[in-house]
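Asker: Give me coordinates for this.
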Amino acid sequence: MDAGADFIKTSTGKMKPAATPQAVLVMADAIKEYYKKTGKMVGIKAAGGISEPDDALIYLMIVKDILGESWLNKALFRFGASRLADKVLAKIIALSH
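Answerer: Here you go, the predicted structure:
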């Protein structure tokens with residue numbers, strides 16, 4: 001971040017372990033400290049191995065609890081989880097019926 005990163009992510013998702021709640025926790029803490037120091041909001045991406053909606057909620061809650069709701073938008077918080085999208089869509093459709 002000190003070198004100018006606008007976004008940081010857990011991994012490429014190509015190796016294990018990829019995203020872990022512990023990694024996202026450490027990253028969110030670092031972003032929070034950087035924000036306090038500079039006022040610059042840096043994005044965070046949890047990538048790799050997130051394939052279940054309940055797991056995605058864990059990452060969302062970590063970001064919300066540490067960084068706040070201001071980070072809960074596509075400009076500052078993303079998932080790198082191609083397998084997750086279809087499952088989330090299926091849950092949304094099921095809940096709407």
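Asker: quick one: buried residues of stretch 18-32?
Answerer: Using 16 or more other C-beta atoms under 10 Å as the test for burial, stretch 18-32 gives 18, 19, 20, 23, 24, 27, 28, 31. Placement of C-beta: from N, CA and C, glycine included.
Asker: Figure out how far the least confident helix or strand in the chain by mean pLDDT is from the centre of its chain.
Answerer: Least confident helix or strand of the chain, by mean pLDDT, DSSP states H and E, is helix 82-96 with a mean of 84. Helix 82-96 has its C-alpha centroid displaced from the chain centroid by 18 Å (C-alpha atoms, centre = their mean, to the nearest Å).
Asker: ok, residue 24 to residue 12 distance?
Answerer: 15 Å (C-beta to C-beta, to the nearest Å).
Asker: Check residue 82 too.
Answerer: Using C-beta to C-beta, residue 82 is found at 13 Å from residue 12.
Asker: Low-confidence stretches in the chain?
Answerer: In the predicted model of the chain, residues 13-15 satisfy pLDDT under 70.
Asker: in it, which spans are strands?
Answerer: 7-9, 43-47, 77-80 (DSSP state E).
Asker: hey, C-alpha coordinates of stretch 81-91 in CSV?
Answerer: Only the C-alpha atoms of stretch 81-91 are listed here, as CSV (Å, rounded to 0.1, in the frame of the first residue of the first chain):
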residue,chain,number,x,y,z
ALA,A,81,-14.7,-16.9,-6.6
SER,A,82,-16.1,-18.1,-9.9
ARG,A,83,-17.8,-21.1,-8.4
LEU,A,84,-19.5,-18.9,-5.8
ALA,A,85,-21.6,-16.7,-8.3
ASP,A,86,-24.0,-19.5,-9.5
LYS,A,87,-24.6,-20.6,-5.9
VAL,A,88,-25.4,-17.1,-4.7
LEU,A,89,-27.7,-16.6,-7.6
ALA,A,90,-29.5,-19.8,-6.9
LYS,A,91,-30.0,-18.8,-3.2
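Asker: which parts of it are buried?
Answerer: Buried-residue list, stretch 81-91, by 16+ other C-beta under 10 Å: 81, 84, 87.
Asker: For the closest residue in space to the first one that isn't next to it in sequence, what are phi and psi?
Answerer: Beyond its immediate neighbours in the sequence, the residue positioned closest to residue 81 (C-beta to C-beta, 6 or more residues apart in numbering) is residue 50, lying 3.9 Å away. Listed backbone geometry of residue 50 is phi -100, psi 110, with angles given as degrees, to the nearest 10.
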